[in-house]
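Enquirer: model the following, please.
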Amino acid sequence: MIQILVGTNRQNSLSEEIAKYYQQLLLQKNQESNIVSLKNLPEDFTASALYGNIGKNTAFNILRDEIVNATKIVMIVPEYNGSFPGVLKAFIDGLPFPAALSDKKIALVGLSAGVQGGALALSHLGDIFAYLNANVLGMRVKLIQVQKFYKDNVVTNEMYNQLLNEQIDKFIAF
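Expert: I've put the predicted structure just below:
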């Protein structure tokens, strides 16, 4: 099953809405998926689940295990201050090293309110995933000014839909 990771812990985030939309596109192609949302992380996970406390936080372990046990992961990544959210980096740091993401197949979707579509965020993540020996799909979808093109639970920009569907087809075959 494909895991769709929402790369922010912000409540009521557009990233989570896009993850749900992506899940529907996968379903149209007979692909089951599950959404893993970082909003479900315990507030204190950087103190209660990392470093000397690995394995001690049940709520963190549930999310960790969904990613560790996945073979394919789609990451919906909002751009925060020219990169990706720090909570996503902290979550990645809490995964077992180095095996958690090694040889996993990962697809990246960047979101931004600006004109870069999260390009820098996806670039930064790409470097991290290369270090962790993950296999990142070459096609990275960047949704520029996404808030303008998401209405009533639908992405209204046809080019964005074409890119998302093309990525999904490539990811299924990956």
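
Enquirer: all contacts plus neighbour counts: C-alpha atoms, from now on.
Expert: Will do.

Enquirer: what's the spacing between residue 15 and residue 33?
Expert: 16 Å (C-alpha to C-alpha, to the nearest Å).

Enquirer: chain center to stretch 62-72: distance?
Expert: 12 Å (C-alpha atoms, centre = their mean, to the nearest Å).

Enquirer: now that stretch: average pLDDT?
Expert: For stretch 62-72, the mean per-residue pLDDT is 96.

Enquirer: about what we covered before: which of residue 15 and residue 33 has more residues huddled nearby?
Expert: Between residue 15 and residue 33, residue 15 has the larger neighbour count (other C-alpha atoms under 10 Å), namely 26 against 19.

Enquirer: need the contact list for that one.
Expert: Applying C-alpha atoms under 8 Å, 6 or more residues apart in numbering to residue 15 gives the contacts 6, 7, 8, 76, 77, 78, 111.

Enquirer: and if we set it to 7 Å?
Expert: Contacts for residue 15 (C-alpha atoms under 7 Å, 6 or more residues apart in numbering) come out as 6, 76, 77, 78.

Enquirer: how about those residues in a markdown table, adding pLDDT, neighbour count and distance to residue 87?
Expert: Shown next, in a markdown table, are those (pLDDT from 0 to 100; neighbours: other C-alpha atoms under 10 Å; distance: C-alpha to C-alpha, whole Å):
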| residue | pLDDT | neighbour count | distance to residue 87 |
| --- | --- | --- | --- |
| 6 | 98 | 26 | 11 |
| 76 | 98 | 27 | 13 |
| 77 | 98 | 30 | 11 |
| 78 | 97 | 29 | 11 |
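
Enquirer: with those residues in mind, which one is nearest to residue 58?
Expert: Using C-alpha to C-alpha, residue 6 comes nearest to residue 58 of the contacts of residue 15, at 19.4 Å.

Enquirer: quick one: that closest one from residue 136, how far?
Expert: Taking C-alpha to C-alpha, one finds residue 6 at 17 Å from residue 136.

Enquirer: over to residue 170?
Expert: 11 Å.

Enquirer: isn't residue 84 up against residue 121?
Expert: Yes: counting by C-alpha atoms under 7 Å, residue 121 is a contact partner of residue 84 at 4.7 Å.

Enquirer: what helix or strand is the residue nearest to the spatial centre of the chain on?
Expert: Centroid-nearest residue in the chain, with C-alpha atoms, centre = their mean: residue 75, separated by 1.8 Å. Per DSSP states H and E, residue 75 falls inside strand 72-78.
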